[in-house]
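Asks: With the sequence up front, the predicted model follows.
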Amino acid sequence: MKSLLVLRKLTRAIADVARSQLTEYLTTLTPLLQPQSVLGDYVHGAQKEPVLKSEQAFKDLKALYEAVAPARPLNLRRELSPPFSFSNLTLDITPLDYVHVAQTESGPRSITVRSPLTWTLTYGGFSPKRMQEVLDQNVRGDELQRFILSYLILHVVMKYRPGVTKLLEGLHFPMTTTTTPEFGELPITRMGIGISTYRPSDAVVVESAELTGMDTFEELVNVEEIARLPDPFKERLLEIASRHVPELA
């Protein structure tokens, strides 16, 4: 438990610094990731100037929507009606939470585990928790469609902004796309810092839950990975140098 407390304190300190730095970067990049910057007139409040490839971007969005929305568990059969009200949005990050069933002497126990160095990127007001609440309410109208579109639009915007993805990766915040059982094939945008976290044995997880009185646990940082944090730009320069001066290799 003493070792756990030390690692937990370290993990939270790293997570606080990383989240603060990532938030600053995203605030700066927000204008580039506005829906209207890619979808143009398909979004309310778009500038008068036409946006290159906006028609193709809308086709991509429509194809995604028609594949994802009607399928389980979203089950939404509702036509798209552009232009969409998605202008002047903020960006938000939410730590990844999942349920782990720990095995104890008295039987299985569900523990909510947090991955503190992995975040879900969404537009403001469309966090995974709110999305789940909308689904649980069996909403089958404008609200559910708006939530689905928020995730799909962000996915399409990132596709048409590859420079942003490369920039964030160079700043040690790589971006990935995944899906979850809760939301079916809806693309979820995730971010991390290139350092993994881990969940210790069930015995440790359960003992921690007993001490705190809550069925929650936070993964711990892999300390040894901090020193091995990759620097893509440095590695690229070393590769160039080794080609020109082989003895440097």
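Replies: Sure thing, it's come through.
Asks: Contact partners for the residue nearest to E143 when sequence neighbours are not counted?
Replies: Once flanking residues are discounted, E143 sits nearest to V134: 5.8 Å by Cβ to Cβ, 6 or more residues apart in numbering. To be clear about C-beta, it is placed using only N, CA and C from the backbone, and glycine gets the same treatment. Shown in contact with V134 (Cβ atoms under 8 Å, 6 or more residues apart in numbering): 143-144, 147.
Asks: can I assume V43 is in contact with F84?
Replies: Yes. With contact defined as Cβ atoms under 8 Å, V43 reaches F84; the gap is 5.3 Å.
Asks: Looking at these two, which is more packed in?
Replies: V43 (23 against 20; other Cβ atoms under 10 Å).
Asks: Can you read off the pLDDT for that one?
Replies: Looking at V43, its pLDDT is 94.
Asks: distance of it from P73?
Replies: 27 Å (Cβ to Cβ, to the nearest Å).
Asks: which residues in the protein form helices?
Replies: For the chain, applying DSSP state H gives helices covering 2-29, 36-39, 54-68, 128-136, 142-159, 162-170, 202-212, 232-244.
Asks: Tell me what angle the third one forms with helix 142-159.
Replies: Okay, so that is helix 54-68. Interaxial angle, helix 54-68 versus helix 142-159 (axes from the mean of the first three to the mean of the last three Cα atoms, to 10 degrees): 130 degrees.
Asks: which residues of this structure score low on pLDDT?
Replies: For the chain, residues meeting the criterion pLDDT under 70 lie at 46-50, 138-140, 248-249.
Asks: let's see it at 80
Replies: Applying pLDDT under 80 to the chain picks out residues 1, 45-52, 137-141, 247-249.
Asks: who wins for proximity to G107 among the helices of the chain?
Replies: helix 202-212 (11.2 Å; Cβ to Cβ).
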